[in-house]
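1. Have a look at this prediction, sequence included:
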2 protein chains.
Amino acid sequence: MTSKLAPLSASKVKISVRPENERNQPIKNEDLIFGKDFTNHMLTVNWDNKQGWHAPEIKPYGNLSLDPSTCVFHYAFELFEGLKAYKSLKNEKDIIMFRPDKNMERMNKSSDRICLPTFESEELIKLIEELIKLDKDMIPKGKGYSLYIRPTMIGTSEGLGVHTPDKAMIFVICSPVGPYYKTGFKAVSLEATDYATRAWPGGVGDKKLGANYAPCIKPQLEAAKRGHQQNLWLFGPNKNITEVGTMNVFFALKNSQTGKKELVTAPLDGTILEGVTRDSVLALCRENLDPAEWEVNERYLSIDEVKERAAKGELIEAFGSGTAAVVSPIKNISYQSEDISVPLQEGKQSGKLTEDVMKWISDIQYGITEKANWTKVF
Amino acid sequence: MTSKLAPLSASKVKISVRPENERNQPIKNEDLIFGKDFTNHMLTVNWDNKQGWHAPEIKPYGNLSLDPSTCVFHYAFELFEGLKAYKSLKNEKDIIMFRPDKNMERMNKSSDRICLPTFESEELIKLIEELIKLDKDMIPKGKGYSLYIRPTMIGTSEGLGVHTPDKAMIFVICSPVGPYYKTGFKAVSLEATDYATRAWPGGVGDKKLGANYAPCIKPQLEAAKRGHQQNLWLFGPNKNITEVGTMNVFFALKNSQTGKKELVTAPLDGTILEGVTRDSVLALCRENLDPAEWEVNERYLSIDEVKERAAKGELIEAFGSGTAAVVSPIKNISYQSEDISVPLQEGKQSGKLTEDVMKWISDIQYGITEKANWTKVF
């Protein structure tokens, strides 16, 4: 958008606080359900193409009131992010956000792709901090517990013409959440899916748009009917593996001749979501794994290669990666009515690398280990 | 959904009328802008997975109030239809809807694809009739004028989990509209687009989902920068022509050896919207064109074939088809920096067939000619 429009400015925020006696109380850790309960306040920032970004508002959590012709209801002018804030396990007063700059960068790419306005990332991070501080009593404590933050942008133009929205809104809501796997990892079974396609070249599969989500529910229900939790999305004539459910996916392979191991995930070719957890897994594996023993590659990997390597005993681990679960171990892939079994550790629900990756990342998220520029502490 | 849930039932409708003194007055024909003004009432019907369809409500047009975690804002659980009601030019008391059964059939296919509830088509048509009758003074009169009807369905589940919505809403709003081309046809210039892809096999391009629309705005702006009104969407290694902008597309070709003419549009292979106007064009051309002179084919047509045939003087016409404009003549296609010129009639902005098709369809829509089962008159 043009430089004459007002930028997003955290310093202009207007805060109206929910009266103490109307507030929701913190929820007990054991009662938390992902994305069902929200904190007492939300952030909204309106934009229009004449003024630019209006003054941000932090106010009591409540309904949005929109004309039924608003473009978000008709043409999917909508995108979102998901990130978390953690109570430090080292210093309980510290709240830690994990790589919020990466989420803001991606959010701006998503909005640009569907002609919604871009914004100043640092300013939205400051506003999210303000919002979280106001509701900090609702951030649950303990490993696995966190505050899930959902920045969202919607087009708010009224009228049925299909064109660039002249109005938009950022809103941010926050939900206290517990561990994805309440009783430790639970490895999942996948159905390799080629009849439905999540994303394609020249499409929008690399952006976090609402448009990428609704179409994936029906194939998931189909897989569930046959006993599988998620789809392993394949693409193209070579049936390359792209993502799993709404996560990126990693495979660990071992060359039985040389003994050398390889961690593989799909390259960012425009069909793959640029996962913050994906990026973190790659970076930490490149740092922590012995290069004499491991290669870490972003390359195409076909389901047929996985099948062949599994038959030779060369498939050693597989896991999904994403903000909600960090890593999600895989135990089985159904492909053309055959099962490809993925090894787990004896008596456990994950492989060793999956476990290590989980620890490396969550130790940073909870302030147990430090990693420069990966956390925002306040 | 299961048969124990309540079906959609028009007889349960609750009607609350906007007080006379608060009503919008009919808009002058010359002041109508597509999809900007709405009638005084709207229809809403809620659904949940315990009860099924609730009692429909016809009530004053007004805002929707939704929790910010509602799934329509995050995961694009949304779909719509577009159809029109016309004041008969033969008997002014008659209101004519054009093939509403086709729109309802497609709307049910769209909702099924993203796990929103299906509904009884005939009941929604009855409810739309009720709604229109209440605001019939706002249907503009005269050829080219009509009431645009926008049935919409959104997922209204609250919470951030990505799953089948447990709540949904149909709403219908109506906008009085004028002719798409106020001063007769205006032929458009297209940019053949292969760097961005509208739809893909295994995707949802054949459904009228919000998800298909927002991603197409940026390529349109890119084409506009280079002086073209719309994208001509190509697909695959052969660069087959699929759609134009948000319309289906037809090409008329003439074999210079045999003199035989052919009308071509893309086949319904899952990447093409099942346009009601597309179907009507095909049916009327098959009925009205002399088979000794014309073939009407649903087949793949590559941009390279169009280019070659144009060079031989065999490209005779091209037009888009859709509810808003009925037909939209094409005068030029830019492909790999070359222009493919599409003939128009001397001193006119369309070809002869385009003009004929426009007349055949609009004569039915305005009650001048009759076509069994294609209109609903009330």
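-> Sure thing, it's come through. The structure displayed is predicted, hence computed values, not measured ones.
2. which residues does the residue positioned nearest the centre of chain A contact?
-> Closest to where the C-alpha atoms of chain A average out (Cα atoms, centre = their mean) is A:Thr323, at 4.2 Å. Residues counted as contacts of A:Thr323 (Cβ atoms under 8 Å, 6 or more residues apart in numbering or on different chains) are A:Gly82, A:Leu83, A:Lys84, A:Tyr148, A:Val276, A:Thr277. C-betas here are computed from N, CA, C, even on glycine.
3. and if we set it to 7 Å?
-> Shown in contact with A:Thr323 (Cβ atoms under 7 Å, 6 or more residues apart in numbering or on different chains): A:Gly82, A:Leu83, A:Lys84, A:Val276, A:Thr277.
4. again, but for A:Asn91
-> Counting by Cβ under 7 Å, 6+ apart, A:Asn91 makes contact with A:Gly367.
5. Doesn't A:Cys115 lie inside a helix?
-> No - assigned with DSSP: H, G, I helix; E, B strand; the rest coil, A:Cys115 falls outside any helix and is coil.
6. How about stretch A:84-103, which residues are buried there?
-> Of the residues in stretch A:84-103, those buried by neighbour count under the rule 16 or more other Cβ atoms under 10 Å in any protein chain shown are A:84-89, A:95-100, A:102-103.
7. right, and A:Asn24 touches A:His41 too?
-> No - under the contact definition of Cβ atoms under 7 Å, A:Asn24 does not touch A:His41, with a separation of 10.3 Å.
8. At the contact with chain B, which residues of the stretch 101-250 of chain A appear?
-> Those residues of the stretch 101-250 of chain A that sit near chain B, judged by Cβ under 7 Å from any Cβ of the partner chain, are A:113-115, A:150, A:152, A:154, A:159-164, A:171, A:173, A:175, A:195-197, A:200-204, A:210-211, A:213-215, A:217-218, A:221, A:246.
9. thought A:Lys218 was touching B:Ser111?
-> No - counting by Cβ under 7 Å, B:Ser111 is not a contact partner of A:Lys218; they are 10.9 Å apart.
10. What is the end-to-end distance of stretch A:68-77?
-> Across stretch A:68-77, the terminal residues are separated by 14 Å (Cα to Cα, to the nearest Å).
11. again, but for stretch A:209-225
-> The first residue of stretch A:209-225 is 27 Å away from its last residue (Cα to Cα).
12. can you check stretch A:76-87 too?
-> Distance between the boundary residues of stretch A:76-87 (Cα to Cα) amounts to 35 Å.
13. now check that stretch, is it near chain B?
-> Yes - Stretch A:76-87 comes into contact with chain B (Cβ under 7 Å from any Cβ), by way of A:Ala76, A:Phe77, A:Glu78, A:Phe80.
14. Mind checking which of these land in strands?
-> Here DSSP state E is the test, and the residues of stretch A:76-87 next to chain B give A:Glu78, A:Phe80 as lying in strands.
15. so where's chain A shaky on pLDDT?
-> In the predicted model of chain A, residues A:1-3 satisfy pLDDT under 70.
16. so where do the helices sit in it?
-> Assigned by DSSP state H, chain A shows helices spanning A:71-75, A:100-113, A:121-134, A:217-225, A:276-288, A:303-311, A:352-365.
17. what angle separates the second one from helix A:276-288?
-> Taking axes from the mean of the first three to the mean of the last three Cα atoms, to 10 degrees, one finds that helix A:100-113 is oriented at 140 degrees with respect to helix A:276-288.
18. Let me know how buried whatever residue of the stretch 51-200 of chain A ends up closest to chain B is, in neighbour terms.
-> Among the residues of the stretch 51-200 of chain A, A:Leu160 lies nearest to chain B; the distance is 2.8 Å by Cβ to the nearest Cβ. Applying other Cβ atoms under 10 Å in any protein chain shown, we find 22 other residues in the vicinity of A:Leu160.
19. cool, A:Pro56 as well?
-> Here the number of neighbours of A:Pro56 (other Cβ under 10 Å) works out to 25.
20. That one and A:Val13 touch, don't they?
-> Yes - with contacts counted by Cβ under 7 Å, A:Pro56 reaches A:Val13, the gap being 4.4 Å.
21. Now for those two: what residues contact both?
-> A:Leu127.
22. how close does A:Glu57 get to B:Lys102?
-> Per Cβ to Cβ, to the nearest Å, A:Glu57 is found 45 Å from B:Lys102.
23. quick revisit: now restrict the residues of the stretch 101-250 of chain A next to chain B to buried residues only.
-> With neighbours counted by 16+ other Cβ under 10 Å, those contain buried members at A:113-115, A:150, A:152, A:154, A:159-160, A:162, A:164, A:171, A:173, A:175, A:196-197, A:200, A:202-204, A:210-211, A:213-215, A:217-218, A:246.
24. now, which of the residues you listed lie within strands?
-> A:Arg150, A:Thr152, A:Ile154, A:Phe171, A:Ile173, A:Ser175.
25. Out of those residues, which two sit at the greatest distance?
-> A:Ile154 and A:Ser175 (18.1 Å; Cβ to Cβ).
26. bridging residues for A:Leu209?
-> Beta-bridge pairing of A:Leu209, defined through DSSP bridges, involves A:Leu79.
27. tell me the contacts of it?
-> Contacts for A:Leu209 (Cβ under 7 Å, 6+ apart) come out as A:Glu78, A:Leu79, A:Ser110, A:Ile114.
28. Any idea how many residues pack against the nearest residue to A:Arg286 once chain neighbours are set aside?
-> Counting by Cβ to Cβ, 6 or more residues apart in numbering or on different chains, A:Val296 is the residue found nearest to A:Arg286 once chain neighbours are left out, at 5.1 Å. Neighbour count of A:Val296, defined by other Cβ under 10 Å: 20.
29. List the contacts of the closest residue to chain B within the stretch 251-378 of chain A.
-> Nearest residue of the stretch 251-378 of chain A to chain B, counting by Cβ to the nearest Cβ: A:Ala324, 9.4 Å away. Applying Cβ under 7 Å, 6+ apart, we find A:Ala324 in contact with A:Phe34, A:Tyr180.
30. Next, work out how far apart the nearest residue to A:Val172 once chain neighbours are set aside and A:Ala324 are.
-> The shortest distance from A:Val172 to any residue that is not its chain neighbour, by Cβ to Cβ, 6+ apart, is 4.1 Å, and that residue is A:Leu43. Counting by Cβ to Cβ, the gap between A:Leu43 and A:Ala324 amounts to 21 Å.
31. number of nearby residues for the residue nearest to A:Val172?
-> Here the number of neighbours of A:Leu43 (other Cβ under 10 Å) works out to 24.
32. Excluding residues flanking it in the chain, which one is nearest the residue of the stretch 1-150 of chain A at minimum distance from chain B?
-> Residue nearest to chain B within the stretch 1-150 of chain A: A:Gly35 (2.8 Å; Cβ to the nearest Cβ). Counting by Cβ to Cβ, 6+ apart, A:Gly35 lies nearest to B:Leu160, which is 2.8 Å off, once chain neighbours are set aside.
33. hang on, isn't the one you found packed against A:Ile33?
-> No - under the criterion of Cβ under 7 Å, B:Leu160 lies out of contact with A:Ile33, with a separation of 10.2 Å.
34. Comparing the helices of chain A, which comes out most buried?
-> Greatest average neighbour count among the helices of chain A goes to helix A:71-75 (a mean of 28), per mean count of other Cβ atoms under 10 Å in any protein chain shown.
35. what does that helix rub up against?
-> A:77-78, A:154-157, A:160, A:162, A:165, B:72-73, B:78, B:80, B:152, B:154, B:210, B:213-214.
36. got a list of contacts for stretch A:47-55?
-> Counting by Cβ under 7 Å, 6+ apart, the neighbours of stretch A:47-55 from elsewhere in the structure are A:5-9, A:12-14, A:45-46, A:117, A:119, A:166-169.
37. A:Ser341: which of those is nearest?
-> Compare each of the contacts of stretch A:47-55 with A:Ser341 using Cβ to Cβ and the shortest gap goes to A:Phe119, at 46.5 Å.
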